[in-house]
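Novice: Following is a predicted model, sequence given first.
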Amino acid sequence: MAGAISPTPCIFCQIARNSTSTTLLHTDEKVVAFHDINPSAFRHYLVIPVEHIPTVKDLQSRHEDYSLVSHMLNVGQTLLRRDAPQSEQYRFGFHQPPMNSVDHLHLHCLALPYIPRWKHLKYLSLGPFGGFIEAEKLLEKIKPFSSIPS
Ligand SMILES: [Zn+2]
Ligand SMILES: [Zn+2]
């Protein structure tokens, strides 16, 4: 198609460029973090890469992607430990297509309890509606073959 340079502005790209009113909880050259607009838990943050990566399916087993995801996880853990130290449990993970809502990779960082309780249904990793993958599991999947010192 002629001139098919995506005209659709991606909302998360705009947030990453800080061109919205969204309050950023963390920014660095690789990732930004902010409050989920529709929280499911006591604390619910999203960590996204500044670069537009659509979904977990677009991640590959290479150092670049592995270190990006582990950095996202690190940022999320640091924020939740700071803001919800008393939380009963933390969860970190990604929705997989077709369960993802926005096509810009985003790590859900949840400090439980779920509010309201039924919201846990959105974060099942098993069963017919299990469209959620734990960050640790994803890291295992995309771990490059040449081992990284841990
Ligand atoms: Zn984007
Ligand atoms: Zn999601």
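Specialist: Looks like it came in fine. Numbering: from 1, shown residues only. Ligands and ions are numbered 1, 2, ... in the order given.
Novice: send the alpha carbons of the strand or helix carrying residue 71 over as CSV?
Specialist: Assigning secondary structure by DSSP states H and E places residue 71 in helix 63-83. Presented in CSV, the C-alpha positions along helix 63-83 are these (Å, rounded to 0.1, in the frame of the first residue of the first chain):
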residue,chain,number,x,y,z
HIS,A,63,20.7,-11.1,24.8
GLU,A,64,19.1,-7.9,23.8
ASP,A,65,15.6,-9.1,24.5
TYR,A,66,16.5,-11.1,27.5
SER,A,67,18.2,-8.1,29.2
LEU,A,68,15.3,-5.9,28.3
VAL,A,69,12.8,-8.2,30.0
SER,A,70,14.9,-8.7,33.0
HIS,A,71,15.4,-5.0,33.3
MET,A,72,11.6,-4.4,33.1
LEU,A,73,11.1,-7.0,35.9
ASN,A,74,13.8,-5.4,38.0
VAL,A,75,12.1,-1.9,37.7
GLY,A,76,8.7,-3.4,38.5
GLN,A,77,10.1,-5.3,41.6
THR,A,78,11.9,-2.2,42.9
LEU,A,79,8.7,0.0,42.5
LEU,A,80,6.4,-2.5,44.3
ARG,A,81,8.9,-3.2,47.1
ARG,A,82,9.0,0.5,47.7
ASP,A,83,5.3,1.3,47.4
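Novice: List the contacts of that helix.
Specialist: By CB atoms under 8 Å, 6 or more residues apart in numbering, the surrounding residues in contact with helix 63-83 are 25-26, 28, 30-31, 33, 43, 45, 47-49, 59, 87, 90, 92, 107, 109, 111, 135-136, 138-139, 142-144, 148. No exception for glycine: its C-beta is placed from N, CA and C like everyone else's.
Novice: I'd like to know how many residues surround residue 82.
Specialist: Neighbourhood size, residue 82 [other CB atoms under 10 Å]: 10.
Novice: ok, back up a step: out of the contacts of helix 63-83, list just those in strands.
Specialist: In strands, judged by DSSP state E, the following of the contacts of helix 63-83 are found: 25-26, 31, 33, 43, 45, 47-49, 90, 92, 107, 109, 111.
Novice: I'm done for today, thanks for sticking with me.
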